[in-house]
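> this one's sequence-less:
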């Protein structure tokens, strides 16, 4: 049953990859959508029993994969609370994006269309393996697979140089992260002699948290986190994600916003017990997360490409999720992952609808005034923007506030940090500003039409005014907009009279599982509880999980603050980009240095190029290519060749062509041999 | 009875004459004839030694050598005729194009 979930999209991939060229668009697109919807239905059926209390994880061993000495890795899939939420997000939002793609990619040729859908299905299949995998190696299969599909889809328009380059960049940067992941995996195997997530968690729980210094768990989790920074576009490996926007927009929505880039967050959630035993790692995770959130937020303020703004917004929101993971609020991080999937997919698909309507225009400076042409897109986009900005009672509000609250008061794995909270809140302000800058520049004001009409002209459709999305694109937008509004209600905090259902639901996934205890580590719970006492005794941190009255007041206060921040951000955006565009331009001129710095993304690409890429290139060219390869290897090979040739040249003079010479040498040889026999 | 050494001496003499002919004569037909002389010198050795040892092995081998020599003469003469048609000469030094 579980195997069916990744297998269905894989079947779609096989059909579209091998027969797609001969199939009409309606068939290849239809198959791709149907397998995704099928996977979604199977996911719902599979996840259903877990919704009740005390739902046990379901496990399916497909086959014995690796078996060598102490290493035993069955290809096992496991569905617990955390992975059930993930598969619902992947298949649910994946289905919507598949449906959207039917309309968005309609102008491609039949074979390109099938190629697109085959990649998309393959991606979904690998993502589901990643999420369902019950051990590190199985997860790694999915991890690499989604990286591959990401590369293929970023470079989908491979004839375009920038798209091909962006694909390679994503692939290479991800490899750096994967290297860390593999090392972490090996270290975990060497330490715990198991790679199964539950086994690792049970074994880690038996050890003391490494509060002082670097222990083996700290190193292992740091290595895993390197993998997460690569996949989830965190500092310093975030540089590939903005460039990944070269891919088709639905791909950006599915892979580079809603699902794949959250794999790093998911991985940390999956290994919550292990990470909890490495407080130093957690601090680093939180620091990197919040730094990334702030950095990406500031860059997002000044970008002019609609998709790049959203890309930096994604990086920033992923930073939030890592912040949550870093302060030990695993459920809050996963909650934000889940709500973010809705509104970020919605925003990307909305931007796709805008780009589609303007025949490929992506520059904000050439948009404006699209509100009356694209009503569906406008309203859904607005809902998405409100949700991400954290306006009360939309999904983003609940999840973001949960993270900020947990950052402020701390959890059982961290002390509250005012500093992290302040940076988080500032990022939240930036989020509201750049999102509404996007909304106002795209949909409000006057249409800066000059460039648009020229695009229309060579678009060849002859439509005078941009038209709204066709139904196959509009329906996913509407569904996602509804999702962005209501998705947060599973996590209404206690402070607002809710029950924070999602936290209670996910909690079992972040603990050592009961069956694992029964199987091999009966003392795990006792040990971890015994250890929990001194931890919670250290301060107000331990009480954060239980809603003490003081915390309720704090949480309400923080909510009010962040509501104020969201409204202020929208107000600032309204002032600068709606009421007084001149003021924005003046500000730009006044702080032209800062503006240039942000516009160029802190010159990080240039710095990487100068510090890493160029030295490696010079080393490769100068030392490895010009001297090692050409000098040593080619020299040896060519030298041997030349030597043999020279020897042969002199040797072949022996072949004179004269019969007498041959006869003479024959005779001489025979005489010599005979002489040797006679006289020796 | 003639001692064995006489036979061997004669056959060595014949073999040397044949060898000298192969090296020194400038006519391919003569070279072939010289080769025949060398072959017959060897035949003589076989027969003489066979008889000295009281076996027929030497004579059997001699028959083989004669058949091979006949075949060789046929093929060799055919090649000589073909070469002559080609170059109008029979000097072995004229045919040296098969070299490096």
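Okay, I see it. For clarity, every value in this text was computed on a predicted model and none was experimentally measured. Numbers count the residues shown, from 1 in each chain, chains lettered A, B, ... in the order given.

> Now residue 49: which helix or strand?
Looking at chain A here, since you left the chain open. Element membership for residue A:49, per DSSP states H and E: helix A:25-51.

> ah, no, chain B please
Applying DSSP H and E, one finds residue B:49 within helix B:28-53.

> any idea which helix or strand comes after that helix?
helix B:57-87.

> Quick check: which helices or strands does that following helix pack against?
Using 3 or more Cβ pairs under 8 Å, 6 or more residues apart in numbering or on different chains; DSSP states H and E as the contact test, the elements touching helix B:57-87 are helix B:28-53. C-beta here means a position set from N, CA and C on the backbone, and glycine is covered the same way.

> Show me which parts of the helix it packs on are buried, residue by residue.
Neighbour-count burial for helix B:28-53 flags B:28, B:31-50 (criterion: 16 or more other Cβ atoms under 10 Å in any protein chain shown).

> on that earlier part again, next helix or strand past the helix holding residue A:49?
Counting by DSSP H and E, the element after helix A:25-51 in chain order, helix or strand, is strand A:58-68.

> hmm, back to that, how far away from the center of its chain is the helix holding residue A:49?
On the basis of Cα atoms, centre = their mean, to the nearest Å, helix A:25-51 sits 22 Å off its chain's mean C-alpha point.

> what pLDDT, on average, does that helix get?
Here helix A:25-51 scores 90 as its mean pLDDT.

> what do you get for stretch A:581-595?
83.

> Can you tell me what sits against it?
A:302, A:445, A:575, A:576, A:577 (Cβ atoms under 8 Å, 6 or more residues apart in numbering or on different chains).

> before we move on, the earlier item: what's the offset of the helix holding residue B:49 from the middle of its chain?
6 Å.

> Let me know the closest of the contacts of stretch A:581-595 to chain B.
Among the contacts of stretch A:581-595, residue A:302 lies closest to chain B (Cβ to the nearest Cβ), at 75.5 Å.

> circling back: would you write a ChimeraX line that selects the buried entries of the contacts of stretch A:581-595?
Restricted to buried positions by 16+ other Cβ under 10 Å, the ChimeraX selection for those reads:
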select /A:302,445,576,577
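
> Format the contacts of stretch A:581-595 as CSV; extra columns: distance to chain B, secondary structure and pLDDT.
Shown next, in CSV, are the contacts of stretch A:581-595 (distance: Cβ to the nearest Cβ, whole Å; DSSP: H, G, I helix; E, B strand; the rest coil; pLDDT from 0 to 100):
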residue, distance to chain B, secondary structure, pLDDT
A:302, 75, helix, 88
A:445, 86, coil, 80
A:575, 92, helix, 87
A:576, 87, helix, 86
A:577, 85, helix, 84
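
> Can you name the two of the contacts of stretch A:581-595 that sit furthest apart?
Using Cβ to Cβ, the contacts of stretch A:581-595 span at most 18.1 Å, a distance reached by A:302 and A:445.

> Quick check, residue A:435 in contact with residue A:388.
Yes: with contacts counted by Cβ atoms under 8 Å, residue A:435 reaches residue A:388, the gap being 5.6 Å.

> which residues do those two both contact?
With Cβ under 8 Å, 6+ apart, residue A:435 and residue A:388 have common neighbours A:313, A:347.
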